[in-house]
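Asker: Below are the sequence and a predicted model for it; my questions follow.
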Amino acid sequence: MSNPCLKCPTNQSCCRELNGLTINYAEYNRHFENKITHLTVSRKGKLFEISSLGNGPCPNWDQQCQVYGNRPMDCDLYPYTMGKIFEGDGEVYATYHSRTECPLTNQLLGPRENAEKLIRNFLENTYGEHCKITVRYDEGAARIYHLARRAASKAKSLLVGDAT
């Protein structure tokens with residue numbers, strides 16, 4: 001399976017600085033259980049949030065993703081990103097967004113319907129098919145903040161480029 005991220009001009013910084021990956025128990029067992037010494041793991045209900053120690057790389061990264069063909073859902077979802085997930089009384093509410101620093105976002109970003117289906121399947125596998133699941137795209141104030149940061153970064157690089 002071809003990994004388009006290998007063409008990344010920032011050397012896959014998302015994989016080289018694993019931070020806040022949302023996984024379920026099956027993904028934890030399959031990909032990370034034997035790599036716990038490289039991670040911080042927080043359990044949040046039926047989900048785990050993992051990060052590499054010291055902002056290091058994903059323990060499945062060795063010049064490329066070693067589990068790319070069978071990677072965790074949150075990795076497969078990228079450049080969409082899981083947001084907040086709320087659990088309660090047979091109901092799960094999840095948000096997702098596409099605010100990312102990924103320079104390949106425009107090429108990689110698929111239809112929202114595909115992202116929502118991926119998230120819904122993940123949540124059904126995690127919470128059971130009888131759980132009421134709501135998935136919403138987050139277009140809140142954080143989007144404005146992210147776009148402003150991106151514009152400021154581009155403006156800075158243009159100014160630095162003009163100075164040379």
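Answerer: Arrived safely.

Asker: What are the boundaries of the helices in this structure?
Answerer: Taking DSSP state H as the test, the helices found in the chain are 13-16, 25-27, 73-77, 105-108, 112-127, 141-163.

Asker: do you know which of those helices lies nearest Pro4?
Answerer: The closest approach between Pro4 and any of the helices of the chain, judged by Cβ to Cβ, belongs to helix 105-108 at 6.3 Å. (Each C-beta comes from the backbone N, C-alpha and C, glycine too.)

Asker: Flag the shaky bits of the protein, pLDDT-wise.
Answerer: 1, 11-12, 141-150, 153, 157, 160-164 (pLDDT under 70).

Asker: Check whether Glu124 really touches Cys131, as I assumed.
Answerer: Yes. The criterion here is Cβ atoms under 8 Å, and Glu124 meets it with Cys131 at 7.2 Å.

Asker: shared neighbours of those two, anything?
Answerer: Counting by Cβ atoms under 8 Å, 6 or more residues apart in numbering, Glu124 and Cys131 have no shared contacts at all.

Asker: still on that earlier bit, relative to Cys58, which of the helices of the chain is closest?
Answerer: Here helix 13-16 is closest among the helices of the chain (Cβ to Cβ), at 5.1 Å.

Asker: Can you list the buried residues in the closest one?
Answerer: Cys14, Cys15 (16 or more other Cβ atoms under 10 Å).

Asker: Stretch 115-123 now?
Answerer: Ala115, Glu116, Leu118, Ile119, Phe122, Leu123.

Asker: I'd like these as TSV, with distance to Ile36 appended.
Answerer: Output for the buried residues of stretch 115-123, formatted as TSV (distance: Cβ to Cβ, whole Å):
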residue	distance to Ile36
Ala115	29
Glu116	31
Leu118	26
Ile119	26
Phe122	22
Leu123	24
